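> give me the fold of what follows.
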Amino acid sequence: MRDLDLTSLRLFIAVCETRNMARAAQTANLVGSAVSKRLAQLEAQMGVPLLQRRRHGVEPTAAGFTLLEQARDMLATANRIEQAMSGYAAGVRGEVRVLASASVMAESLADDVAAFLSQPPHRDIRVTMEEMISPDIVRRVREGAASLGICWDAADTTGLTTAPYRSDTLMVAVHPAHPLAARPSLRFTDTLDFEQVSMPVSSAVQVLLARAAAAAGKRVLHRVVVTNFEAALRVVRANLAISVVPREVAAPYLDVYGLRCIPLEESWAERRFTMCYRDGDTLSAAARLLIGQLRRDDPVSAVQRR
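This next block holds a predicted model:
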């Protein structure tokens with residue numbers, strides 16, 4: 001198969017999204033026949049029909065939907081490459097892509113990266129950050145999609161180089177009128193008779209809580225599932241449910257929302273985070289500097305391979 005043409009892929013995506021050749025052509029400042037010709041060439045290159053012509057437009061075939069998903073990924077990657085290279089053209093001497101869990105992103109990473117970039121020797125370094133769940137962070141770092149991942153240290157980072165990065169403490173956020181609000185501390189089992197607002201089931205916090213509940217022969221009563229801790233605390237503020245959240249995330253909201261944050265008596269409530277990357281010897285100079293800053297220790301070579 002010949003190399004895929006990104007322009008044709010962009011046009012294919014536009015046609016799939018608009019379901020109309022003419023509108024896609026207008027958006028691309030082309031005539032309809034030019035778009036049709038490019039897509040016909042793309043179908044010939046793929047060897048399968050990609051679009052079905054309908055009375056009022058077109059829609060992707062099964063193969064077309066598969067190509068659509070892959071084409072979006074390819075263009076996103078091409079865009080990242082373009083941004084990275086334009087950075088070098090503008091005098092930026094390095095770019096570091098960081099993947100981090102929701103807890104890390106919500107707690108300290110933004111401030112730590114900002115402190116790093118504010119130092120004059122780092123002014124020509126670009127750092128991009130994206131939130132993911134821990135298993136995906138590890139997988140993407142292994143695949144080389146990011147220089148650095150930061151996640152809960154319980155994640156399986158076998159084969160990657162690791163270094164410690166901060167920690168947090170899980171607590172139970174409750175409305176002042178909730179039956180648990182007067183308790184000075186709680187066992188996690190004390191919370192299992194009450195409905196909870198939870199993060200997605202594959203998130204590190206939720207996996208931990210599900211295991212703890214199963215060990216007690218119970219399950220977590222999910223009333224609301226949200227994607228970030230601020231949303232969870234808003235649900236708690238409405239007294240719809242309780243939520244297990246990191247103290248470091250909840251602290252700024254407690255007075256504003258009028259909530260109580262009750263310590264958990266479990267040993268696992270104290271969590272540690274870890275940085276992971278493929279190999280210290282293959283890191284860019286910019287990534288080495290960032291890791292050194294985040295570790296609050298300069299020599300990257302001191303980390304241990306698991």
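> who are the packing partners of whichever helix or strand A210 is part of?
Secondary structure from DSSP states H and E places A210 in helix 204-215. Secondary-structure packing of helix 204-215 (3 or more CB pairs under 8 Å, 6 or more residues apart in numbering; DSSP states H and E): strand 243-246. Any C-beta I mention is one placed from the backbone N, CA and C, and that applies to glycine too.
> list the contacts of the strand it packs on.
103, 106-107, 168-173, 188, 191, 196-198, 205, 209, 229, 232-233, 235-236, 261, 264, 271 (CB atoms under 8 Å, 6 or more residues apart in numbering).
> contacts only, for L50.
F12, L39, L42, E43, P60, T61, A63, G64, L67.
> for the residues you listed, which one is nearest R19?
P60 (9.0 Å; CB to CB).
> so what's that closest one bridging to?
Listed by DSSP bridges, the beta-bridge partners for P60 are L51.
> could you find the closest non-adjacent residue to A155?
S134 (4.2 Å; CB to CB, 6 or more residues apart in numbering).
> that neighbour contacts S101, doesn't it?
Yes. The pair S134 / S101 is scored as a contact, 5.4 Å apart, by CB atoms under 8 Å.
> quick check: angle from the helix or strand encompassing A173 to helix 204-215?
For A173, the host element (DSSP H and E) is strand 161-174. Taking axes from the mean of the first three to the mean of the last three CA atoms, to 10 degrees, one finds that strand 161-174 is oriented at 70 degrees with respect to helix 204-215.
> tell me the helix or strand right after strand 161-174.
Downstream of strand 161-174 (by DSSP H and E), the next one is strand 195-198.
> for that following strand, what is the average pLDDT?
If you average the pLDDT over strand 195-198, you get 95.
> quick one: contacts of it?
206, 209, 220-226, 232, 235-236, 240-244.
> just the CA coordinates for that strand, please, in CSV.
Listed next in CSV are the C-alpha coordinates belonging to strand 195-198 (Å, rounded to 0.1, in the frame of the first residue of the first chain):
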residue,chain,number,x,y,z
GLU,A,195,-24.6,5.9,48.3
GLN,A,196,-21.4,7.3,46.9
VAL,A,197,-20.4,9.5,44.0
SER,A,198,-17.6,7.8,42.2
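> quick revisit: tell me the buried residues in the helix holding A210?
A204, V205, Q206, V207, L208, L209, A212, A213 (16 or more other CB atoms under 10 Å).
> hey, C-alpha coordinates of that helix in PDB?
Listed next in PDB are the C-alpha coordinates belonging to helix 204-215 (Å, rounded to 0.1, in the frame of the first residue of the first chain):
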ATOM      1  CA  ALA A 204      -7.100   4.000  40.300                       C
ATOM      2  CA  VAL A 205      -9.200   5.300  43.200                       C
ATOM      3  CA  GLN A 206     -12.300   3.300  42.200                       C
ATOM      4  CA  VAL A 207     -10.300   0.100  41.600                       C
ATOM      5  CA  LEU A 208      -8.900   0.400  45.100                       C
ATOM      6  CA  LEU A 209     -12.300   1.000  46.700                       C
ATOM      7  CA  ALA A 210     -13.900  -1.800  44.800                       C
ATOM      8  CA  ARG A 211     -11.300  -4.200  46.000                       C
ATOM      9  CA  ALA A 212     -11.600  -3.000  49.600                       C
ATOM     10  CA  ALA A 213     -15.400  -3.400  49.400                       C
ATOM     11  CA  ALA A 214     -15.100  -6.900  48.000                       C
ATOM     12  CA  ALA A 215     -12.700  -7.900  50.800                       C
END
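> going on from that helix, what's the next piece of helix or strand?
As the chain continues past helix 204-215, the following element, by DSSP H and E, is strand 221-225.
> and that next one, what does it pack onto?
strand 195-198, helix 229-237.
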